[in-house]
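Peer 1: just need the structure, nothing else, for what follows:
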Amino acid sequence: MSALGDFLRHWAAYRRFGRLPRTQRRLVLYAESGQDWHHFRPIVEHLTGVLGLTLCYVSSDPDDPGLHRNDARILPFCIGKGLVRIWFFQFLQADVLLTQMLDLGNLDLKRSIHPVHYVYMFHSLISTHMADHAGSYDHYDTILCAGPHQAREIRRREELHGLPAKRLIPHGYHRIEQLMAEQREPPPVCGDGDIHVLLAPSWGEQTILNVCGLELTSTLLDAGFRVTLRPHFQTRWQTPEVIDRIMARHGDNPRLRLVEQMGESDSLYDSHVMITEWSGAGQDYGMGLGKPVLFIDLPPKSRNSTWQELGIEPFESLVREKLGALLPPSRLAEAPAVIRRLVREPEAFRQHVAALRRDWIHNLGRSGPAGAEAVAGIAAELAAGAGIPAAGR
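Peer 2: Below is the predicted model of the structure:
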């Protein structure tokens, strides 16, 4: 499809959205990509099923599964990522917009000139003040928090900078619930040859594959472990040579497997330990599957140079040694011994992780209904204030 063809298709979707009766445009969800659907799905299904509401599902990704649901209560619109999307945000007329998009109002996507209540939903457990821009959350009205740490950080920033107080709602984190429901026991460990290591780093210059990927992979294979290399999809686009270098050296080794399919899950369930650095996947793996993580202690990925002003240690830093072990890149030779120790008592580790979940994740087991009911409640409040029926009824 040509650029002009894409524009015309997205413009037609925007016009179709605008022609809806105002009563059908009160509750809108916006997704940047199809990856958002995995997090939206429990909320959408509760909104349209149990609560019987109709919503508009707007996405920039034509392959977003949320656009292709056979459900009369989900009205789908694909608006792309260009000028039509900017126009959509600038002139949106709706009661509530729920999104996982960061930096509303800071870049090219602004709050509407019309009154809209903006709700942000987290799609990871990481803290708000180190990995993201300082003002990434400033322009939302309500935040659905995955855990209590995110609420503490947002409140602290509001206090320091005199920002209006947002509504902070305990929500939860569906990805952890999903992993807990789908987990299966990996094969038992009787010797080094049975240990399956999942190497799943983040992407960027100061991450494992770029800094020490070949050395670490060689160390693991020399120890007799089975290794699945699961690079972040951005690595293939940004620095593919770091993957190719490892495969050129070890591609013929039957104990090494390369996985670059984002939807693949066997390596998560069948491995015994993950190695990463700052990736949120480590938190998901440790807290969702109850299996240990070895964190290579590389510099953190930070887009906020003033994060320390909050005086709060970021969750992704605090939790690393609670979910396994921390190893400097200068001591990679010790990785096999650390891994053997981490996989030694799996049941004790699972019990430890269960306590972490209780302390750090809201509404474990019912995040979907909790989020849906919160959003529906906001929509109902706004509808009542305007003297109109609740959205989609």
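Peer 1: quick one: the helices in this structure, in order.
Peer 2: 3-19, 37-45, 83-90, 148-161, 174-182, 208-222, 233-238, 240-250, 266-270, 280-289, 315-318, 335-342, 346-360, 367-385 (DSSP state H).
Peer 1: identify the residue nearest R111 in space, chain neighbours excluded?
Peer 2: G105 (5.4 Å; Cβ to Cβ, 6 or more residues apart in numbering). C-beta here means a position set from N, CA and C on the backbone, and glycine is covered the same way.
Peer 1: isn't the one you found up against Y137?
Peer 2: No - counting by Cβ atoms under 8 Å, Y137 is not a contact partner of G105; they are 10.3 Å apart.
Peer 1: for G324, find the nearest of the helices of the chain.
Peer 2: In terms of Cβ to Cβ, the element of the helices of the chain nearest to G324 is helix 335-342, at 5.6 Å.
Peer 1: circling back: higher neighbour count, G105 and Y137?
Peer 2: Y137 (24 against 14; other Cβ atoms under 10 Å).
Peer 1: quick one: residues contacting that one.
Peer 2: With contact taken as Cβ atoms under 8 Å, 6 or more residues apart in numbering, Y137 is in contact with 102, 120, 128, 143, 154, 157, 166.
Peer 1: can I see the domain layout of the protein?
Peer 2: What automatic domain parsing lists as the domains of the chain is 3-173+363-385, 184-360.
Peer 1: I'd like the ones you listed laid out as JSON lines, including mean pLDDT.
Peer 2: Output for the domains of the chain, formatted as JSON lines (pLDDT from 0 to 100):
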{"stretch": "domain 3-173+363-385", "mean pLDDT": "96"}
{"stretch": "domain 184-360", "mean pLDDT": "94"}
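Peer 1: can you count the residues close to V343?
Peer 2: V343: 20 neighbours (other Cβ under 10 Å).
Peer 1: so which of the contacts of Y137 would you say is closest to V273?
Peer 2: Distances from V273 to the contacts of Y137, taken by Cβ to Cβ, are shortest for T128, at 28.5 Å.
Peer 1: separation between that closest one and P300?
Peer 2: 14 Å (Cβ to Cβ, to the nearest Å).
Peer 1: try P187
Peer 2: P187 is 34 Å from P300, by Cβ to Cβ.
Peer 1: over to T54?
Peer 2: 43 Å.
Peer 1: swap in S59?
Peer 2: Taking Cβ to Cβ, one finds S59 at 31 Å from P300.
Peer 1: and for L327, the neighbour number?
Peer 2: For L327, the count of nearby residues is 19 (other Cβ under 10 Å).
Peer 1: next one: the one 3 residues further on
Peer 2: As a burial measure, the neighbour count of S330 was computed by other Cβ under 10 Å and equals 9.
Peer 1: please apply the same query to P115.
Peer 2: Neighbour tally, P115, other Cβ under 10 Å: 12.
Peer 1: do D103 as well
Peer 2: By the criterion of other Cβ under 10 Å, D103 has 16 neighbours.
Peer 1: so it touches D138, yeah?
Peer 2: No - using Cβ under 8 Å, D103 makes no contact with D138, being 9.1 Å away.
Peer 1: make a markdown table out of the contacts of Y137 and add distance to I195.
Peer 2: Converted to a markdown table, the contacts of Y137 look like this (distance: Cβ to Cβ, whole Å):
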| residue | distance to I195 |
| --- | --- |
| L102 | 37 |
| Y120 | 40 |
| T128 | 36 |
| I143 | 40 |
| I154 | 40 |
| R157 | 42 |
| K166 | 45 |
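Peer 1: name the member of those residues with the most neighbours.
Peer 2: Highest neighbour count within the contacts of Y137, by other Cβ under 10 Å: T128, with 27 neighbours.
Peer 1: which one's more surrounded, T54 and P300?
Peer 2: T54 (20 against 14).
Peer 1: gap between that one and V375?
Peer 2: Counting by Cβ to Cβ, the gap from T54 to V375 is 13 Å.
Peer 1: joint contacts of these two?
Peer 2: The overlap between the contact sets of T54 and V375 (Cβ under 8 Å, 6+ apart) consists of L27.
Peer 1: which strand residues bridge the nearest residue to A13 once chain neighbours are set aside?
Peer 2: Using Cβ to Cβ, 6+ apart and skipping residues adjacent in sequence, the residue nearest A13 is F77, 4.5 Å away. Assessed by DSSP bridges, F77 has beta-bridge partners V58.
Peer 1: give me the neighbour count for F77.
Peer 2: Around F77 there are 21 residues (other Cβ under 10 Å).
Peer 1: thought it was touching S60?
Peer 2: No - applying Cβ under 8 Å as the test, F77 and S60 come out as separate, 10.2 Å apart.
Peer 1: got a list of what W203 touches?
Peer 2: 209, 231-235, 238-239.
Peer 1: quick one: those residues as a markdown table, columns for distance to L310 and neighbour count too.
Peer 2: Listed next are the contacts of W203 as a markdown table, based on distance: Cβ to Cβ, whole Å; neighbours: other Cβ atoms under 10 Å:
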| residue | distance to L310 | neighbour count |
| --- | --- | --- |
| L209 | 31 | 25 |
| P231 | 32 | 24 |
| H232 | 27 | 20 |
| F233 | 31 | 13 |
| Q234 | 28 | 12 |
| T235 | 30 | 22 |
| Q238 | 30 | 14 |
| T239 | 32 | 19 |
